[in-house]
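S.K.: Fold the following.
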Amino acid sequence: MPAVGYPSHLIEDWHLADGTHVRIRPIHADDLPMHTAFVAGLSNETGYHRLLSPRKPQPDELWRMTHIDYDRELALIATTVVDGAEQQMGVVRYVRGDTPETAHVAEFAVVIGDAWQHRGVAMKLMRKLIDAAADAGVKQLADITLYDNVGMLALARKLGFRVQRDPGNPNVTRLRLALDAPARS
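M.R.: Just a heads-up that it's a prediction; the model follows:
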């Protein structure tokens, strides 16, 4: 059961091009087992692109990913029903900075399960996250990705992010999106 303050207004039902029903909603504490299974099911490549290393999230990190302080962060998941059970397809999240000076800037992340990639899930989730962040007063989304993560780089460009190689680390590309900019496509 979602906690008090759960942003239920962000729940949205949607369909993939093939008709698959998708529910987009904020993650909540009861999602820990499903989120743990989702992360465990990611391929090594997908996990590496998300964490920029081969390490796997530990149980305390997974707990933290599902126990959200909605005032400073948001995680939206896409789910569908497979064989009668809800299954997580992907997740996007933002986390605001900790100081008054950085509270309007949020780091973001996106990861889509391998079976659901290239089907529009990342674009839909990211658009919803961008809108929710702007509505919450976030002025900029920022993150880094590996220089060869072509899927993330293409998605970022389509969403209007400024994409720039890090001059101090040629393996990393910086992604930034000003949320007070003119209308996003």
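S.K.: What residues of the biggest strand by length in the chain count as buried?
M.R.: Longest strand of the chain, by residue count under DSSP state E: strand 85-96. Within strand 85-96, the residues that count as buried by 16 or more other CB atoms under 10 Å are 87-94, 96. Where you see a C-beta, it was placed from the backbone N, CA and C, and this is true even at glycine.
S.K.: tell me which strands and helices the helix or strand that that strand is followed by is in contact with?
M.R.: Using DSSP states H and E, the helix or strand that follows strand 85-96 towards the C-terminus is strand 105-112. Applying 3 or more CB pairs under 8 Å, 6 or more residues apart in numbering; DSSP states H and E, we find strand 105-112 packed against helix 44-51, strand 85-96, helix 121-135, strand 140-146.
S.K.: who does the residue nearest in space to the middle of the chain bridge with?
M.R.: In the chain, the residue lying closest to the centroid (CA atoms, centre = their mean) is Val92, at 1.2 Å. With DSSP bridges applied, Val92 shows beta-bridge pairing to Leu76, Val110.
S.K.: which outside residues touch stretch 18-37?
M.R.: 1-3, 6-8, 10-16, 59, 62-63, 65-68, 70, 74-81, 86-89, 91, 93, 119, 121, 124-125, 128 (CB atoms under 8 Å, 6 or more residues apart in numbering).
S.K.: swap the cut-off to 6 Å and go again
M.R.: Contact with stretch 18-37 is made by 2, 7, 10-15, 62, 66-67, 75-80, 88, 128, as judged by CB atoms under 6 Å, 6 or more residues apart in numbering.
S.K.: Same check on stretch 132-148?
M.R.: 10, 74, 94, 104-108, 152, 171-180.
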